[in-house]
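> this is a predicted model, with the sequence first.
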Amino acid sequence: LVGSMVRMQASMIVDPAAQHALQETQNRIAAIAGVHRHLYSSAHVNRVEIGDYLEHLVKEIGASMRGDHSAIAIETSFVPGAVKTDKAVALGVMVSELVTNACKYAYPTDAGGPVRVYSRNHDGMLRVVVEDEGVGWTGVGAIKGTGLGSKILKAMTRTLDAQLIYEPTETGTRVAIVFNAGETEAAGAA
């Protein structure tokens, strides 16, 4: 409902900067709405199947950014597992921000390339990675855009009690979200 209201408002605005800001707001709403959709279709309202949720979320983001960023190819690979709902919301918002940033800033306007989003379990930790092969950013230096995305990432990192790690890579940017998955259950368990 909120996403629809924002979409209607965006359709009445002619200023490209305002339309862009409302599009980013819609993406953030979609991240949270995706958790709620999964809860409605699940027998367990306190847990979200994180692999399915992230897959759906990333596809929605890719579809919403098609116009200006049609040369971006988003690739995904997620491990299954159930995560508490509040953690899924924070993780979804973070992934949404990182994928949106990669689509907007990784490649020059006239070029494109891959954006990979994947997860792995290692020693009780869930590691979700967003990476590209673009111009690269290490997490240090001038921020492109308004900086709101960076503030949201910091807030969600605290909420999730996670680490947000900009990892060195030959080309592009690789960002890992790492948090304790000790409460994560294998898919189908509960």
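All right, it came through fine. Numbers count the residues shown, from 1 in each chain.

> could you give me the average pLDDT of stretch 46-57?
When pLDDT is averaged over stretch 46-57, the result is 87.

> could you do stretch 136-151 as well?
The average pLDDT within stretch 136-151 is 78.

> go through that stretch and flag the buried ones.
Buried residues in stretch 136-151, counted by 16 or more other CB atoms under 10 Å: 137, 149-150. Using the backbone N, CA and C atoms, a C-beta is placed for each residue, glycine as well.

> any idea how far the longest strand seen in the chain is from the middle of the chain?
Secondary structure of the chain per DSSP state E: the longest strand is strand 113-122. In terms of CA atoms, centre = their mean, to the nearest Å, the gap separating the centre of strand 113-122 from the centre of its chain is 11 Å.

> show me where the protein has helices.
Taking DSSP state H, the helices of the chain run over residues 2-11, 16-40, 50-64, 85-105, 148-160.

> could you list every helix and strand in contact with the lowest-mean-pLDDT helix or strand in the chain?
For the chain, counting by mean pLDDT, DSSP states H and E, helix 16-40 ranks last in confidence among helices and strands (a mean of 76). Here helix 16-40 touches helix 2-11, strand 47-49, helix 50-64, helix 85-105, helix 148-160, going by 3 or more CB pairs under 8 Å, 6 or more residues apart in numbering; DSSP states H and E.

> any chance of the helices of the chain in CSV, plus distance to residue 74?
What follows is those, written out as CSV (distance: least, CB to CB, whole Å):
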stretch, distance to residue 74
helix 2-11, 20
helix 16-40, 13
helix 50-64, 4
helix 85-105, 7
helix 148-160, 18
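
> most tightly surrounded among the ones you listed?
Burial of those is given as mean neighbour count (mean count of other CB atoms under 10 Å); helix 85-105 ranks first at a mean of 23.
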